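Peer 1: One predicted model, sequence on top.
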Amino acid sequence: MDPIVAPVTALIAQPVGILRLSGDNLWNRIHALFPGTPSPVPRKATLLSPTLHGQPLDSVLLLYFPAPHSLTGEDVIEIHAHGNPQNIRFLLQHFERLGIRQAKPGEFSLRSYKNGKLSLLKAESLHRMISAPTYSDFLSAHTSFSQPERHPLAALKDQFLDLLASFYAVLDYPEDLSDSPETPLVDILLEKIVSLQRLSRHHLSLFKKNRRFFSSFSVLLAGPPNSGKSSLFNRMLQSNKALVSPLPGTTRDLLEGRLSFPFGDLLILDSAGFRSSDDIIEGMGIAKARKTINQVDLLLWVASPESPEPLPFSSRTKTLTLWNKADLSSPPPSISPDFIVSARTRKGLKSLLLTLSSLAEDFYSAPNATDPLLDSERQALCLSSFLKTLISAESSLSSHAFDLALSALEQARHLLEDGTGMISSEEIYDRVFSRFCLGK
Ligand SMILES: Nc1nc2c(ncn2[C@@H]2O[C@H](COP(=O)(O)OP(=O)(O)OP(=O)(O)O)[C@@H](O)[C@H]2O)c(=O)[nH]1
Ligand SMILES: [Mg+2]
């Protein structure tokens, strides 16, 4: 495929900056940068000097992985250069001049997937590994990555193939496996379906309980306009990331910031102030904020002397109320907020942050699941559709509607296939013939 390049490391000043390239015939394409150098020995680090018009540019370590034994299945070259961001930018631009375009996000992994180097499931475990907020989360994702057979969908696939093979055997060879009072085949098939349903439910509920594996402990600042949410956001993160102004309706989009603690990250989100607004963009921001309330681990409802109103609806998310602008006035006796703070004077902020970090610590120290987990919402969605078709297969089979049951099972098979890319017809027929010893 057309050659691509991307920095693997961030464009910041650091000792080493790494560039990754992938494509066909790669060494020949970049050879001009290393005049007179023979093709590097595969998988051995070679110290080289990229040179332009006789002028040495840098000294780099180059690693060459010729196709197909590489990350993407194409030729891959990694260049470890000195990590000055200008140096890395120059090399990137130079590669562009050589006809090597910048890769889109995830494009290396997509090529690995397309070339059979990375399964869909492994790609998702890899993503979970990279974005895990704690080390134990990282290890859990690594287990799925390095032992794909332990992935929940792989275990399901095995049982499902068994079921499908039994079903085909019954349909194709009824005289060999004829129903008899001693071996009520329909009951055996039903038992297999029910057991698969049990396993699917088990993994879906584990996924729900362990959603934290997919994000850091998240805290949303929400409240009426102008109550000082963005000012608190900036104070907590010691930044000026959020715009602050006396005009209500300043914040539109969700803003994110992170505080890093030894036990894990705290994700803080700032949102648009709640009010009815004719402004379409502001309305979109408010809708986004409302939706996010149900997705975070903790809601901080920020009220202030100008807008003391409480959360206007009930929410399942744990909520703490903040009275901001305490430098202007204290809350009236009718309101008893959890924290009285002032973004202006920093009053109460220390105690608020201590509470947040202790909640985050509890959150991260919840016992880890020992069972392997689904990696993504996509997998969970696929599994719940799979479960639905199993339920419909069960009901058809119970009323001896074999055709309907088979069509539900075939649908379930497509769902697992989509979810995992792991099932082929040969596998099913292998099982029919090897396990059932039909001898015909
Ligand atoms: N006196 C005082 N003023 C504050 C405090 N916190 C924020 N303000 C002021 O209140 C105004 C609104 O602050 P923002 O942080 O933009 O409020 P917001 O809730 O993010 O507003 P929207 O994004 O419009 O919903 C600004 O003029 C801030 O300077 C505070 O603790 N004390
Ligand atoms: Mg704001």
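Peer 2: Received it, and whenever you're ready, just let me know what you need. Residues are numbered from 1 along each chain as shown. Ligands and ions are numbered 1, 2, ... in the order given.

Peer 1: This structure: strands as residue ranges?
Peer 2: Using DSSP state E, the strands of the chain run over 4-7, 16-23, 46-48, 51-52, 55-56, 60-65, 75-82, 101-102, 217-222, 255-261, 264-270, 298-303, 319-323, 339-340.

Peer 1: The last one vs ligand 1: in contact?
Peer 2: No - looking at strand 339-340 against ligand 1 by CB under 6 Å from any ligand atom, there are no contacts, and the closest approach is 10.6 Å. Backbone N, C-alpha and C define where each C-beta goes, glycine included.

Peer 1: what lines up beside that strand in the sheet?
Peer 2: Partners of strand 339-340 in the sheet, by DSSP bridges, are strand 319-323 (parallel).

Peer 1: okay, the angle between the strand it pairs with and strand 298-303?
Peer 2: Relative orientation of strand 319-323 versus strand 298-303 (axes from the mean of the first three to the mean of the last three CA atoms, to 10 degrees): 30 degrees.

Peer 1: now strand 319-323: mean pLDDT?
Peer 2: Confidence over strand 319-323 (mean pLDDT, whole number) is 96.

Peer 1: show me what contacts residue 82?
Peer 2: 15-17, 58-60 (CB atoms under 8 Å, 6 or more residues apart in numbering).

Peer 1: give me the beta-bridge partners of it?
Peer 2: Note on residue 82: beta-bridge partners by DSSP bridges are residue 16.

Peer 1: and the residue of the stretch 251-400 of the chain nearest ligand 2?
Peer 2: Of all residues in the stretch 251-400 of the chain, residue 251 sits closest to ligand 2, at 3.1 Å by CB to the ion.

Peer 1: Distance check, that residue against residue 229.
Peer 2: Distance, residue 251 to residue 229, by CB to CB, to the nearest Å: 7 Å.

Peer 1: Now the common contact residues for the two.
Peer 2: 270-271, 273.

Peer 1: Please render those as a markdown table that adds neighbour count to the earlier fields.
Peer 2: A markdown table is the format used below for the shared contacts of residue 251 and residue 229 (neighbours: other CB atoms under 10 Å):
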| residue | neighbour count |
| --- | --- |
| 270 | 26 |
| 271 | 27 |
| 273 | 25 |
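
Peer 1: coming back round to it: need the strands of the chain in JSON lines with distance to ligand 2, can you?
Peer 2: Below are the strands of the chain laid out as JSON lines (distance: least, CB to the ion, whole Å):
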{"stretch": "strand 4-7", "distance to ligand 2": "33"}
{"stretch": "strand 16-23", "distance to ligand 2": "36"}
{"stretch": "strand 46-48", "distance to ligand 2": "51"}
{"stretch": "strand 51-52", "distance to ligand 2": "48"}
{"stretch": "strand 55-56", "distance to ligand 2": "51"}
{"stretch": "strand 60-65", "distance to ligand 2": "46"}
{"stretch": "strand 75-82", "distance to ligand 2": "41"}
{"stretch": "strand 101-102", "distance to ligand 2": "34"}
{"stretch": "strand 217-222", "distance to ligand 2": "8"}
{"stretch": "strand 255-261", "distance to ligand 2": "8"}
{"stretch": "strand 264-270", "distance to ligand 2": "6"}
{"stretch": "strand 298-303", "distance to ligand 2": "10"}
{"stretch": "strand 319-323", "distance to ligand 2": "14"}
{"stretch": "strand 339-340", "distance to ligand 2": "18"}
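
Peer 1: okay if I get these as a markdown table plus distance to residue 329?
Peer 2: Shown next, in a markdown table, are the strands of the chain (distance: least, CB to CB, whole Å):
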| stretch | distance to residue 329 |
| --- | --- |
| strand 4-7 | 51 |
| strand 16-23 | 53 |
| strand 46-48 | 68 |
| strand 51-52 | 66 |
| strand 55-56 | 67 |
| strand 60-65 | 62 |
| strand 75-82 | 57 |
| strand 101-102 | 54 |
| strand 217-222 | 21 |
| strand 255-261 | 27 |
| strand 264-270 | 23 |
| strand 298-303 | 12 |
| strand 319-323 | 9 |
| strand 339-340 | 10 |
